[in-house]
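S.K.: Need a 3D model of the sequence below.
(one chain, ligands or ions: 1)
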Amino acid sequence: MDRHKAKGARKGIGYAFMKSIGYYNGETGPLEEMRVPMNDRACYFGDGIYEATTVRSFLPFALEEHLDRMESSARLLRLPLPMEREKIREELLRMCASVEQGDSQLYWQISRATAMRSHAFPKGEYSSNLWITVRPFRMRKVDESYALCSVPDTRYLHCNIKTINLVPNVLAAQTAAEKGCEEAVFHRDGVVTEGSHTNMHILKDGVLRTAPLSNWILPGITRAHLLTLAREMGIPVREEAFTLQEMQEADEVFFTSSSAFCCRACALDGRPIGGRDEKTLKRLQEAYMQKFLKETSGKNPYLGESR
Ligand code: PDD
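M.R.: Residues are numbered from 1 along each chain as shown. Below is the predicted model:
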């Protein structure tokens, strides 16, 4: 672990740990000081993929599911992994164990290569780049509710791939922020696809409804967990898209992601929504939290004896 004892790290008793750590192809350091080569294709084209998850007590939640999706996104982009999956897992766990505090956000991305700018893939063999960041993270309160605003979904038809090409999502999130909303709801001609960085769901007459998997939405890992939990709890699930109008009329509206978990919405475009089946929503939120707590209760194998 010595190589993580980087310059600028805060000194603890006997050992130094950073608040936020950055990793680029094996180099590590305080995140704010890390530099990457200009020719990394992430900078020119957003030619890469990413994953993000919440870390509790130095253990990333649902790591295997995130590694599965990473492999699937890489396949869809014809992007070679920089190293074996097992080695990536090891590097991720090492990074989670190398920061000052155990509750953090783990983010990683893989970009295609470092090469002179040219749209097609670099000729011949090339190696992809692994970026990792771990930074402090405080979970949102689950009992709060949030305002949403709708925006036309102007994205392309590869939304099932978790690429680092996120400009429409950034613009939508900014629109939401400027309107004092927590999240933007993407729609295509009134049909809801997902949020700018979350999946959207409604409860109506006791049924959980969410858009089906397609190239219009990201196959959210929280979404998948939620559907499994709902089915286990006897809550009927319908994977069928809903409209903005149906969102207005739903008993509850909520959104999910690896960092937001399962958040209730209370307004859409300035009009109140939901609030009519809090009991079912609470059951789902609690079941999800229990799963999260249970699965992050082990010990990161790269944590030193003293922690
Ligand atoms: N966002 N849809 C989009 C467009 C997303 O960017 C995300 C995740 C989700 C939810 O996926 P998951 O449950 O696997 O986190 C849905 C992450 C958190 C981000 O961009 O930081």
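S.K.: counting contacts, what elements does the top helix by length along the chain pack onto?
M.R.: As assigned by DSSP state H, the longest helix anywhere in the chain is helix 278-295. In terms of contacts (3 or more C-beta pairs under 8 Å, 6 or more residues apart in numbering; DSSP states H and E), helix 278-295 is packed against strand 48-56, helix 221-232, strand 252-257, strand 261-268. Yep, even glycine has a C-beta here, placed from its N, CA and C like the rest.
S.K.: try it again with 10 Å
M.R.: Packing partners of helix 278-295 (3 or more C-beta pairs under 10 Å, 6 or more residues apart in numbering; DSSP states H and E): strand 48-56, strand 199-204, strand 207-210, helix 221-232, strand 252-257, strand 261-268.
S.K.: The ligand contacts on the stretch 51-200 of the chain?
M.R.: 52, 169, 194, 197-199 (C-beta under 6 Å from any ligand atom).
S.K.: most surrounded residue in these?
M.R.: The residue in those with the most neighbours, by other C-beta atoms under 10 Å, is Glu194 (28 neighbours).
S.K.: Just the element for that one, please.
M.R.: strand 191-195 (DSSP states H and E).
S.K.: residues of that strand that come out buried?
M.R.: Neighbour counts over strand 191-195 (16 or more other C-beta atoms under 10 Å) mark 192-195 as buried.
S.K.: likewise stretch 284-300?
M.R.: Buried-residue list, stretch 284-300, by 16+ other C-beta under 10 Å: 284-285, 287-288, 291-292, 296, 300.
S.K.: can you check stretch 137-155 too?
M.R.: Here stretch 137-155 shows 137, 142, 145-151, 153, 155 as buried, counting by 16+ other C-beta under 10 Å.
S.K.: OK, contacts around Leu203?
M.R.: 209, 230, 235, 250-254, 274, 276-281, 284 (C-beta atoms under 10 Å, 6 or more residues apart in numbering).
S.K.: So for it, what's the nearest residue that isn't a sequence neighbour?
M.R.: Glu252 (4.1 Å; C-beta to C-beta, 6 or more residues apart in numbering).
S.K.: Find the residue closest to the most centrally placed residue in the chain in space, skipping its chain neighbours.
M.R.: Centroid-nearest residue in the chain, with C-alpha atoms, centre = their mean: Ala52, separated by 4.1 Å. Ranked by C-beta to C-beta, 6+ apart and with sequence neighbours excluded, the top spatial neighbour of Ala52 is Tyr107, at 4.5 Å.
S.K.: Please verify my assumption that the one you found contacts Ile49.
M.R.: No. With contact defined as C-beta atoms under 10 Å, Tyr107 does not count as touching Ile49 (11.8 Å).
S.K.: Same drill for the two, tell me which one is more crowded.
M.R.: Each of Tyr107 and Ile49 has its neighbours counted (other C-beta under 10 Å); Ile49 has more, 28 against 18.
S.K.: Show the model's pLDDT score for the residue in the stretch 1-150 of the chain that the ligand sits nearest to.
M.R.: The ligand sits closest to Ala52 of the stretch 1-150 of the chain, with a gap of 4.3 Å, by C-beta to the nearest ligand atom. With respect to pLDDT, Ala52 scores 98.
S.K.: Same check on Pro168?
M.R.: Looking at Pro168, the pLDDT reads 98.
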